[in-house]
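[1] Here is my input; please provide its structure:
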Amino acid sequence: LAQGSSRLPPAQLAMVASRVLGVVGNWDAHREDSASAAAAELGSQLAAVAGGGSGGELLRRGWAVLDGALGRLAKDFAAEAEGLEAKRLLTRHSFEFAGEDGCRHAYEHEGRSFADLDCERIRAEVRVAAPVLAAFAERHAYTFARRLATALPELALATEPGSVQVKLQLTRGVHGCAPCHYDTSDSAASRQVTLLIYLNKGWSADFGGELELIPFLEGAKNLEPSFDRAVLFLSDRVLHRSLPPRGLGLEHPRWLLTVWIDGLAVDRAAPGGQWGPLLQRLLAPALYAEEYDQALRESLPPGDAQKALLAAQASEARSLEEDEELAEMIGDLRDILAERALVRLASCCSPSPCDPVNDVSSVVVAATAAFREDRTRFVGRRSAQSRSRSRSRTAATGQRNDENVLARKKKKKK
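    Predicted structure coming up:
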């Protein structure tokens, strides 16, 4: 238009400009309608996968998976994500830690960066560079939340402005992963549901970087971060981490669009459940101490930050172990974890009827029996009589008010 302005009459130039702007406007409207429809469809599909009532996957086991979640919209999201990185509009993940000198120190993670997308925190330049992502966070994520809230009334999901948070995250490199954590925390006490949508194109199974879900007292579940895969889980009761990439995955970007939805049923125990979410989060650092330690070492390079966080993590686990009642409870829960691990191993190693020679399962079953006969060999410290009393107290404590347990811990720390 600029080059032709000297050759076109003003009236004709205005007509051409009007038509061009009309085409652009129609395309933007088309993309807006597509995003809205995709969000509504995503909510319906995830609601169908998660299922309502006591038999639903999300309520029964705490998580659900949907592949092909966004369809063509996922490519638009991925293109805008790559554009944000190219324009250097992503912010590095950072935190403060207490050093050995007693001072606070800041740390920036080279392998993790992000962009806040919800309307309360999005930067103006990010909104301009990623309009489709911004529109999804501002409007269409709420469409998804309303569909999910209708399908799962048990969760009492909130859908008013400010109840949905959206963030785009990028990880890359040997330490491009996240440590063990729950999404519900003191700083995000109302988070009920987490939705993860992977936008890393060309991801291969041998790249690593899996999402590891660790439901309480259950075996870990690793999920490949394949393109346009959505993972939905309960924020207040599913411990999770991301595994480090490997091989060619070390240089491949791993994009993740995260949606958090607040709810009024946070920390409400599931029907028939013995262990409330608050109690799960309290005990997890000690019960899964090895997993916490390994994940933290993999997500941070050796140095002062890693050392400080490992020390704080060990101190938290140690404070739980020093509480007599909690220590006995943790010991019993470790028993349960070990028993269930052996049962899973037995089921995985069961031979076919036509292969009696390779009878691995009989060995596992024998090991399970030996474990049950001599439990002190695995747990130590406690006599059979003490364990019996402990199991009674454990059951009673698991059913009592979780807030009392947490209040005692906070009081002791203070």
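[2] Output the lowest mean pLDDT helix or strand found in this protein.
    helix 376-379 (a mean of 44; mean pLDDT, DSSP states H and E).
[3] how about the residue nearest the centre of the chain, what does it touch?
    With distances taken as CA atoms, centre = their mean, H240 lies nearest the centre of the chain, 5.5 Å away. Each residue near H240 by CB atoms under 8 Å, 6 or more residues apart in numbering is listed here: 180-182, 211-214, 233. No exception for glycine: its C-beta is placed from N, CA and C like everyone else's.
[4] again with I214
    Shown in contact with I214 (CB under 8 Å, 6+ apart): 180, 220-221, 238-241, 288, 291.
[5] export stretch 293-311 as PDB, just CAs?
    In PDB, the C-alpha atoms belonging to stretch 293-311 read as follows (Å, rounded to 0.1, in the frame of the first residue of the first chain):
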ATOM      1  CA  ASP A 293      15.900 -36.000  47.000                       C
ATOM      2  CA  GLN A 294      16.500 -37.500  43.600                       C
ATOM      3  CA  ALA A 295      14.100 -35.100  41.800                       C
ATOM      4  CA  LEU A 296      15.800 -32.100  43.400                       C
ATOM      5  CA  ARG A 297      19.300 -33.300  42.400                       C
ATOM      6  CA  GLU A 298      18.100 -33.800  38.800                       C
ATOM      7  CA  SER A 299      16.300 -30.400  38.600                       C
ATOM      8  CA  LEU A 300      19.200 -28.200  39.900                       C
ATOM      9  CA  PRO A 301      22.900 -28.300  39.000                       C
ATOM     10  CA  PRO A 302      25.300 -28.800  41.900                       C
ATOM     11  CA  GLY A 303      26.000 -25.600  43.800                       C
ATOM     12  CA  ASP A 304      24.800 -23.400  46.700                       C
ATOM     13  CA  ALA A 305      21.100 -23.400  45.600                       C
ATOM     14  CA  GLN A 306      20.900 -27.200  45.300                       C
ATOM     15  CA  LYS A 307      22.800 -27.700  48.600                       C
ATOM     16  CA  ALA A 308      20.400 -25.300  50.500                       C
ATOM     17  CA  LEU A 309      17.300 -26.800  49.100                       C
ATOM     18  CA  LEU A 310      18.400 -30.300  49.800                       C
ATOM     19  CA  ALA A 311      19.200 -29.300  53.400                       C
END
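[6] Show the average pLDDT along it.
    Mean per-residue pLDDT for stretch 293-311: 96.
[7] pLDDT below threshold where in the stretch 151-300 of the chain?
    272 (pLDDT under 70).
[8] what about the closest residue to F227 other than its chain neighbours, which SS state?
    Closest residue to F227 apart from its sequence neighbours, by CB to CB, 6 or more residues apart in numbering: K201 at 5.3 Å. When classified by DSSP: H, G, I helix; E, B strand; the rest coil, K201 comes out as coil.
[9] now do H240
    Put simply, H240 is strand when judged by three-state DSSP.
[10] Closest one of the contacts of H240 to H140?
    F233 (20.7 Å; CB to CB).
[11] give the contact list for that closest one.
    58, 62-64, 193-194, 213, 240.
[12] before we move on, which element is it in?
    F233 belongs to strand 229-234 when assigned by DSSP states H and E.
[13] separation between L84 and L239?
    30 Å (CB to CB, to the nearest Å).
[14] whoops, I mixed them up, R61
    For R61, the distance to L239 - CB to CB - is 13 Å.
[15] Give the residues shared as contacts by the two.
    Residues touching both R61 and L239 (CB under 8 Å, 6+ apart): P215.
[16] Would you mind telling me which of the two has more residues around it?
    For R61 versus L239, neighbours defined as other CB atoms under 10 Å are more numerous around L239 (25 against 15).
[17] is it true that the more buried one touches L217?
    No: applying CB atoms under 8 Å as the test, L239 and L217 come out as separate, 10.8 Å apart.
[18] tell me the pLDDT at A47?
    Looking at A47, its pLDDT stands at 70.
[19] got the residue ranges for the helices in the stretch 1-150 of the chain?
    10-50, 57-61, 72-86, 124-129, 131-135, 141-151 (DSSP state H, counting those that start in this stretch).
[20] May I see the buried residues of stretch 283-290?
    Within stretch 283-290, the residues that count as buried by 16 or more other CB atoms under 10 Å are 283-289.
[21] Kindly indicate which of those residues lies nearest E138.
    E138 lies nearest to A284 out of those, by CB to CB, at 34.2 Å.
[22] Show the contacting residues for the nearest residue to that closest one once chain neighbours are set aside.
    Spatial nearest neighbour of A284, chain neighbours left out: L239 (5.6 Å); criterion: CB to CB, 6+ apart. With contact set as CB under 8 Å, 6+ apart, L239 has these partners: 180-182, 213-216, 280, 284, 288.
[23] Can you select the buried ones among those for me in PyMOL?
    To isolate the buried members of the contacts of L239 in PyMOL, using 16+ other CB under 10 Å:
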select buried, resi 180+182+213+214+215+216+280+284+288
